[in-house]
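Participant: no sequence for this one, just the structure:
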C-alpha cells in the first residue's frame, strides 16, 4: 500500500493536472460488488489523472462483455482492465485489444490461454489457507494436542486443494486435525451436518475449527451453538456481512478480507501507467508471474488481510466494504459498542 | 403464425358484419361460403390497389412509369424494404449524434457493427424460411448453438482434432437433422410449429449444454490455440483480407452481380418477357457498385489505435454468400416458388399439386441449417462456446430482424435480404446502445419496442394492401 501511495504521489507530481486525458476501459461481470469496484477504480483514476475517463460497463454473459469490449475499443480506450465473465472465451477480447494495440490487465480473475496480457491483478489465493491456519495456530496458543475440526469446501472446486495445501504447510505439525471433511456443494447446511457428526464423535470437546470460508464457518457455528464450552476459535474467509457480525459477537474468530479497494487501486494505477507508457517498476509485481495456460503473466498478487474483532473497524469499515450501519443492526448494537465500531 | 390463410381465418369475423351470411352460421360451411365469395371484393377494389398488387417491373415500360408504379405500391402498403432503409438512416443519424465523440460511424465501430450484426443477419435469414411458410421456429438459437458446439468440440486438438471443414460439416449436419425432425412433426403430425419448436428449443438447449461438458474444458471449449483448425474457425469472424485483395474481391463480386443482373434483364427483354426498364437495371447495378465501394473503403481504413488493422473482414463475404445462395433458391427455383405459394395459401398450393409436406419439411431443415451457420459465426465471434448463451433472446432478435426487414409474420412474404437489412438495424441499435455505455437492461427494452413497431408496420401495411383480407372490413 505504501508503494502504491508513493506511485500515486509521483504520478501527481509529474502530471500537475495538465496530463492529457486518456480513456481507460473497466469491464466487470455484473455482480453486486461491481459498482463498488468501479467507484474505487474511478476515485484513483481521477486522483492521478483528472482528465482521464473511465469507460465502465458490466456484463452478465461473455457475449455481452465482448460487445462492451468492442465498444470500448471503438471509443478509443488506451488500456483495458478486464474481469472476465469467463476466463476461456475472454481470450478473444484480449486478441481484439491486441489487434488494436491496446494493453489489457486481467483483473481479479485470469483470462486463460492468451499470450497477450500485460498484467494480472488479483489476490494471492495460495496464501489464504496458510493465513487462516496460521491465525488459528496463534489463537490456540500453547494448548497441547488441540482437537481441531477441518471443514473444507466442495471437493470439485479447484480452490479447495489450494486451501488444503496452504493450510497444511502453515499447521506445520503443530496439530493434526481430529476430523477432516470435504463439503459437497460447499453449502452451510452440509457444513452444519458435518460438524454435528464431529461433535458426536468428539464428545463435544472441540478446541478449534478450521473452516475454509465464511459460509462453512456459519454452518459449523450453528451446529456448535449452545453445545460447546469453552467456545473455540473458528476461521473463515470472504468477510461476508454475517461473518463480520459473528466476529463482532465473538462467535467467529477471524475472516480473510480481500480488499476490493486495494485491488481496484492497484489495477487503476497499472492501467494509468500502461495508458501513458510509463514503465512499471519491477517491485510492482516483485517478479511474480501466474501461468494462464499459454504464458507467464506478470502479476500483482495482493495478500488478503486477516480480520479479527480488533481490526474490523480499521479494515472493512474504513474501506467502506461494510458500513457500521450494515454491521450494527439492532441485535448487534451492544456487541458493536464493545468492539468499538461506530 | 397461424398456418390458416388469413382470408379464411378472417371470414367468420367479416361474416358477422355482412348481412349476406346467415347469422349464427359461423361454422366450417360459413368459412367455405365466404371463401368462395372471396374474389368479389377484389374486382370492385380501387384501380390503384389493383396496380399495387403487381410488382412495378411487370407494368412499367419506362423509368418514369416504374417510379410511379413504385410510389403507388408504397402508398398501397407494399412498401418493401423502404421502411427498413429509413429506419437504418434514422438509427445512423441518431447514434452518430449522441455517441460519445461521434464514434458511431468511425471505421473501427462500423466494422464492429458488421461483425456483431452478422449473427443476427444470418439467424434472421434462417428464421425467414419458417416465416415465409407462415410458421415460426423458436429453436433456431439453441439448435444453431448445438451445431456450433459440436463443431468447436470436434476441432479441439486435444481430443478429436477433426479438420475444420469436417467439424463444420458435422455441426451443420446435426442442425439439419434437428430441423428435419421438427419439420416432420409439424407437417406429418400437424402439430403447431410454435409448440414443436418450443420443445425443440428446450431439447436443443439441454443437448447443447451436454455437448459443452464433454472433454477437459470445464464447459468452455475455446478457439484460442495454435491449431490451424481452431484458427480457421476463429478467423471466420476475425480474419481480414488485406486491403488490395479486398478491392480486387469487391470488384469481382460487383462485376459478377452486375453482369448477372444485366444479362438476366437483357435476356428477358430479348425474349419479349416483362422486364424492368433499362434505367432501372442501370440504377440497380450502380447501387451495388456504390455500396461495395463504401463498404470496402470503410473496412480498408486503419482501425487500430496504434499500429495497423485494416481490410475487409471475412465475415462480410460469408454473409453475402449465404444471402446470395438463399436468394437464388427462393427467387429463382421451383422450390422457392412453392415456399411462397404454401406460405400464401397452403390449401391452394396443395390443390395445385405441390407436395406441401415435403416442401415445408425442407423449409424447416433449411431454417435449422442456416441457424447452424449463424451460431458458428457466434462461436467465432466469441472465440469458443460457453454455457451462458442467451439462445432465447437470439431467436427474438432474429424474428425482430426479419420482420423489421420486411418479412411478414403471416406467411408468404419475405426475402433473405430482409433478414440482412433487419439484422443490420438490430445490430445498429445494439452497438449504439453499448457505445452509450448503457446497462444491458435498456437494450432489451429498446429491442422489444423496435420489434413491436416492426410488427405494427407489418400488420398495418397488410391492412393497406389489396391482397390482405382486411380491406373488406
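Facilitator: Ah, there it is. On a predicted model such as this, the values are computed, not experimentally measured, just so you know. Residues are numbered from 1 along each chain as shown, chains lettered A, B, ... in the order given.

Participant: Now do the strands in chain A.
Facilitator: With DSSP state E as the criterion, chain A has strands at A:23-29, A:53-59, A:79-82, A:104-107, A:119-123, A:148-152, A:179-182, A:208-211, A:255-257, A:289-291, A:296-302, A:305-307.

Participant: Quick one: residues in contact with the last one.
Facilitator: Strand A:305-307 is contacted by residues A:131, A:135, A:239, A:244, A:247, A:254-259, A:311, A:315-316 when judged by CB atoms under 8 Å, 6 or more residues apart in numbering or on different chains. The C-beta positions use only the backbone N, C-alpha and C, and glycine is treated the same way.

Participant: Relative to residue A:76, which of those residues is nearest.
Facilitator: Taking CB to CB as the measure, residue A:76 sits nearest to residue A:259 out of the contacts of strand A:305-307, at 31.2 Å.

Participant: Could you pull up the contacting residues of that closest one?
Facilitator: Residue A:259 neighbours (CB under 8 Å, 6+ apart): A:302, A:304-305, A:315, A:319, A:321.

Participant: just the buried members of those residues?
Facilitator: Buried by 16 or more other CB atoms under 10 Å in any protein chain shown: A:302, A:304-305, A:315, A:319, A:321, out of the contacts of residue A:259.

Participant: Most neighbours among the contacts of strand A:305-307, please name it.
Facilitator: With neighbours defined as other CB atoms under 10 Å in any protein chain shown, the most crowded of the contacts of strand A:305-307 is residue A:255; it has 30 neighbours.

Participant: if I look at that residue, how far off is residue A:169?
Facilitator: 20 Å (CB to CB, to the nearest Å).

Participant: now residue A:263
Facilitator: When residue A:263 is compared with residue A:169 (using CB to CB), they lie 25 Å apart.

Participant: got it, and residue A:113?
Facilitator: 29 Å.

Participant: out of these two, which sits in the busier spot?
Facilitator: Between residue A:113 and residue A:169, counted using other CB under 10 Å, the more crowded position is residue A:113 (21 against 13).

Participant: surely the more buried one meets residue A:291?
Facilitator: No: with contact defined as CB atoms under 8 Å, residue A:113 does not count as touching residue A:291 (10.4 Å).

Participant: is the one helix or strand residue B:128 maps to up against chain A anywhere?
Facilitator: Per DSSP states H and E: residue B:128 is located in helix B:107-132. Yes: using CB under 8 Å from any CB of the partner chain, helix B:107-132 comes into contact with chain A via B:108-109, B:112, B:115-116.

Participant: Mind putting those into TSV with pLDDT?
Facilitator: TSV is the format used below for the residues of helix B:107-132 next to chain A (pLDDT from 0 to 100):
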residue	pLDDT
B:108	87
B:109	90
B:112	88
B:115	91
B:116	90
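
Participant: Make TSV out of those residues and add neighbour count.
Facilitator: Converted to TSV, these look like this (neighbours: other CB atoms under 10 Å in any protein chain shown):
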residue	neighbour count
B:108	21
B:109	25
B:112	25
B:115	23
B:116	23
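
Participant: In the residues you listed, find the pair that's most separated.
Facilitator: B:108 and B:116, at 12.5 Å, using CB to CB across those.

Participant: thinking again about what came up before, which of the strands of chain A comes out lowest on mean pLDDT?
Facilitator: Mean pLDDT is lowest for strand A:289-291 out of those, coming in at a mean of 86.

Participant: hmm, that strand in reach of chain B?
Facilitator: No: applying CB under 8 Å from any CB, one finds strand A:289-291 separated from chain B by no less than 14.8 Å.

Participant: In that strand, which residues are buried?
Facilitator: Under 16+ other CB under 10 Å, the buried positions of strand A:289-291 are residue A:290.

Participant: Figure out how far that strand is from the centre of its chain.
Facilitator: 18 Å (CA atoms, centre = their mean, to the nearest Å).

Participant: Equivalent analysis for stretch B:93-107, please.
Facilitator: With CA atoms, centre = their mean, you get 26 Å for stretch B:93-107.

Participant: Would you work out how far apart the start and end of it are?
Facilitator: Stretch B:93-107 has its terminal residues 15 Å apart, counting by CA to CA, to the nearest Å.

Participant: what does the average pLDDT come to for it?
Facilitator: Stretch B:93-107 comes out at a mean pLDDT of 88.

Participant: and what of stretch B:395-410?
Facilitator: pLDDT averaged over stretch B:395-410 gives 89.

Participant: Check whether it comes near chain A.
Facilitator: No: counting by CB under 8 Å from any CB, chain A has no neighbours in stretch B:395-410; the shortest distance is 11.6 Å.

Participant: Tell me the buried residues in that stretch?
Facilitator: Those would be B:395-410, for stretch B:395-410 by 16+ other CB under 10 Å.

Participant: Now the two most distant members of the residues you listed.
Facilitator: So, the buried residues of stretch B:395-410 by CB to CB: farthest apart are B:397 and B:410, at 20.1 Å.

Participant: Pull up the residues of the stretch 101-250 of chain B that are close to chain A.
Facilitator: So the stretch 101-250 of chain B meets chain A at B:101, B:103, B:106, B:108-109, B:112, B:115-116, B:217-218, B:220-225, B:234, B:238 (CB under 8 Å from any CB).

Participant: for the helix or strand harbouring residue B:149, packing partners?
Facilitator: Using DSSP H and E, residue B:149 sits in helix B:140-154. Helices and strands touching helix B:140-154, by 3 or more CB pairs under 8 Å, 6 or more residues apart in numbering or on different chains; DSSP states H and E, are helix B:107-132, helix B:164-187, helix B:193-213, helix B:356-382, helix B:391-405.
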